[in-house]
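A.B. asks: Turn this into a model:
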Amino acid sequence: MNKSIIAIVLVLVAILAIVLVHAGDDSSVDDGNRTILNVSSEGPYKLSEITQEIRTHEYYKGYDNETLEWMESLGNKYVWNSHDAFVIMDKGDADKIPTQFVCDASFYEIFSCNVIEEHSLGYGDNLKDVLYVKNVKYIGEDVIYYEV
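C.D. replies: Here you go, the predicted model:
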């Protein structure tokens, strides 16, 4: 009888362990709806720095105030910059993407993620889309070398 109780307890512990592993998995966002993005390797920047820059620099003149307020409401997040978007994520996801600063080349980091929310800063040469993403999976890097 003692062996039966031990076996039952072991089975229950194994089932509990499987449930906890799946509950702790950050795949609560549908993996089938992943987007591939390409961002500059020069990052990440604190979201508060980017929103302050948008508010104060002439470069972003005409920005959409509702989008900026939404960005500020996200709190302590980080931003990667692409040609056409600011990509916002939490620190854990931001740390999955390597950072490089170089003078004679451009490095672009490629990753897949789930876009949670998308907004626009408006229309114009310097205004971009704003993507809030989660569940980042790093894919690789694209390098463009400049002739010196």
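A.B. asks: And the strands in the chain, which stretches?
C.D. replies: Secondary structure of the chain by DSSP state E: the strands cover 34-40, 45-46, 78-81, 85-89, 105-120, 129-145.
A.B. asks: okay, these, which one's buried deepest?
C.D. replies: Highest mean neighbour count of the strands of the chain: strand 85-89, a mean of 25 (counted as mean count of other Cβ atoms under 10 Å). (Glycine included, C-beta is placed from N, CA and C.)
A.B. asks: who does that strand touch, helix- and strand-wise?
C.D. replies: The contact analysis (3 or more Cβ pairs under 8 Å, 6 or more residues apart in numbering; DSSP states H and E) places strand 85-89 against strand 34-40, strand 78-81, strand 129-145.
A.B. asks: Please name the bridge partners of the residue lying closest to residue 35 once chain neighbours are set aside.
C.D. replies: Closest residue to residue 35 apart from its sequence neighbours, by Cβ to Cβ, 6 or more residues apart in numbering: residue 115 at 5.2 Å. Under DSSP bridges, the beta-bridge partners of residue 115 are residue 133.
A.B. asks: My read is that residue 115 contacts residue 132, right?
C.D. replies: Yes - Residue 115 is within contact range of residue 132, at 7.3 Å (criterion: Cβ atoms under 8 Å).
A.B. asks: ok, back up a step: how close does the residue nearest to residue 35 get to residue 59?
C.D. replies: 25 Å (Cβ to Cβ, to the nearest Å).
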